[in-house]
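Asker: Return a 3D structure for these sequence lines:
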Amino acid sequence: MPSRSEVVGDLLTSWVDKLPARVRRVVTRDMAGFAELGAFTFAVDLALLAMLRAWTPLPLPVAVSIAYVVAFALNFVLNRTVNFRSHAPAGPQAARYAVVIAGDYLITVGASTALAAAGLPFAVARVAASGIVAVFTYSASRWWVFRDRRPAPPAPTAPQPTAPQPTAPPPSAPPPSAPPPSAPPPSAPAIARSTELSTTATQPAE
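Answerer: As a prediction, this is how the structure comes out:
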């Protein structure tokens with residue numbers, strides 16, 4: 001039975017299965033889920049930043065940092081459970097994800113600065129840098145951060161009742177032994193001699 005996070009992932013990405021086969025070779029379900037979760041956590045980042053600026057006296061850099069860290073932590077949890085559905089240990093994955101986030105920051109600063117220096121308006125340069133970061137983060141997440149996707153442990157099953165084993169029948173009595181062979185009938189000479197002896201014995205003596 002799929003878990004709750006897997007059900008949510010299917011709801012988010014089931015539309016990919018309706019795309020033409022040629023498009024599905026490029027747009028995979030985990031790519032679509034990554035984009036959707038990224039948009040969601042970016043909205044969380046902006047909303048949290050707005051609340052911190054409106055309701056707290058925190059300086060802007062501190063508020064931006066808090067919203068940034070919360071959004072990326074949420075993005076890690078959702079991508080791990082809902083999108084990539086990894087059941088590997090979370091510690092090594094979190095460490096690799098932190099490296100990816102550091103790379104995101106360096107790419108964002110470097111690409112934005114380089115594109116702006118090349119003559120692009122800063123807003124356009126920032127959007128272009130975000131696109132580069134999205135490609136880098138997805139590739140690193142799929143093939144490095146969550147590369148060791150272990151299958152979910154099987155759900156415990158109730159023990160099945162075993163049928164009673166048939167008992168062996170009691171040993172049967174041994175068959176009766178054959179009777180001993182009877183003596184052969186007497187031969188004709190033996191019968192004649194027996195008759196002669198009987199006659200002699202019954203005659204009176206003179």
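Asker: what ranges do the helices span in this structure?
Answerer: With DSSP state H as the definition, the chain shows helices at residue ranges 4-13, 21-24, 29-55, 60-78, 90-117, 122-140, 188-202.
Asker: Just the buried residues of stretch 130-141, please?
Answerer: Residues of stretch 130-141 classed as buried by neighbour count (16 or more other C-beta atoms under 10 Å): 130, 132-133, 136-138, 140-141. Where C-beta positions appear, they are placed from N, C-alpha and C, glycine not excepted.
Asker: try stretch 9-19
Answerer: Of the residues in stretch 9-19, those with enough neighbours to count as buried (16+ other C-beta under 10 Å) are 9, 12-13, 16.
Asker: which residues touch that stretch?
Answerer: Identification of contacts with stretch 9-19 by C-beta atoms under 8 Å, 6 or more residues apart in numbering yields 2, 24, 27-30, 32-33, 36-37, 82-83, 85.
Asker: Quickly check these for the two that are furthest apart.
Answerer: Pro2 and Val27 (22.4 Å; C-beta to C-beta).
Asker: Please work out how many residues are found near Ala67.
Answerer: 20 (other C-beta atoms under 10 Å).
Asker: That one touches Leu48, doesn't it?
Answerer: Yes. Using C-beta atoms under 8 Å, Ala67 makes contact with Leu48 at a distance of 4.2 Å.
Asker: Tell me the one of the buried residues of stretch 9-19 nearest Pro61?
Answerer: Distances from Pro61 to those, taken by C-beta to C-beta, are shortest for Leu12, at 33.3 Å.
Asker: and the gap between the closest one and Ile66?
Answerer: Distance, Leu12 to Ile66, using C-beta to C-beta, to the nearest Å: 27 Å.
Asker: Would you point out the helix or strand in this structure whose mean pLDDT is lowest?
Answerer: helix 188-202 (a mean of 53; mean pLDDT, DSSP states H and E).
Asker: what ranges of the chain fall below the confidence cut-off?
Answerer: Segments of the chain classed as low confidence (criterion: pLDDT under 70) are 149-206.
Asker: Okay, buried residues for stretch 115-126 please.
Answerer: Residues of stretch 115-126 classed as buried by neighbour count (16+ other C-beta under 10 Å): 115-116, 125.
Asker: so which of those comes closest to Ala73?
Answerer: Nearest to Ala73 out of those is Ala125 (C-beta to C-beta; 27.3 Å).
Asker: before we move on, back to that, show me which of the buried residues of stretch 115-126 is closest to Leu52.
Answerer: Ala125 (26.1 Å).
Asker: hmm, back to that, ok, the buried residues of stretch 115-126 vs Leu106, which is closest?
Answerer: The shortest distance between Leu106 and any of the buried residues of stretch 115-126, using C-beta to C-beta, involves Leu115 and amounts to 14.6 Å.
Asker: Next up, the contacts around that closest one.
Answerer: Counted by C-beta under 8 Å, 6+ apart, Leu115 has contacts 124-125, 128-129.
Asker: Thr108 - nearest residue in space that isn't next to it in sequence?
Answerer: Nearest residue to Thr108 in three dimensions, chain neighbours excluded: Ala129, at 5.2 Å (C-beta to C-beta, 6 or more residues apart in numbering).
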